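Chemist: pasting a predicted model and its sequence here:
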Amino acid sequence: MAQNFRNVLKPAIGTVATPILAASSYDALIGIRCCNIIASSILVDVYIVNSGNHYLAKDVSIPPNSAIELIQGGAKINLKSGDTLTAISNTASSVDIVTSYISEIST
């Protein structure tokens, strides 16, 4: 098993598409948690950019002061070099995103 476990913490993402993780080789996403940090519901998109947008979540509603987990039950999503995991909310400074991944599973 690879020992290159990493995380990326992105606070207060809002209405501008924000790169979360740019793959430099082959990386395995093992967790993506989106937490609404404001007092009203928000809509969140999380997607991989590679010759277009490929959605993991689109217009997902997150209630106030709640969170969603996009990868569950041991599932994994592989990123290849050039892929960028990206997120955006419909409300300014409204979502914290914690991403766990295994770096460089293959070159």
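Modeler: Structure received.
Chemist: mind listing residues that contact stretch 62-81?
Modeler: 21, 23-44, 46, 48, 50, 56-57, 60, 85, 95, 101, 105 (Cβ atoms under 8 Å, 6 or more residues apart in numbering). Just so you know, the C-beta spots here come from the backbone N, C-alpha and C atoms, and that holds for glycine as well.
Chemist: revised request: answer the last question for stretch 3-10.
Modeler: Outside stretch 3-10, the residues that reach it (Cβ under 8 Å, 6+ apart) are 18, 20-21, 87, 96-105.
Chemist: just stretch 44-54 next, same as before
Modeler: Contacts of stretch 44-54 (Cβ under 8 Å, 6+ apart): 20, 32, 34, 55-60, 62, 68, 70, 77, 79-80, 82-90, 95, 97.
Chemist: please spell out the PyMOL selection for the buried subset of the residues you listed.
Modeler: PyMOL command restricting these to the buried ones, with burial defined by 16 or more other Cβ atoms under 10 Å:
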select buried, resi 20+32+34+56+57+62+68+70+77+79+83+85+86+87+88+89+95+97
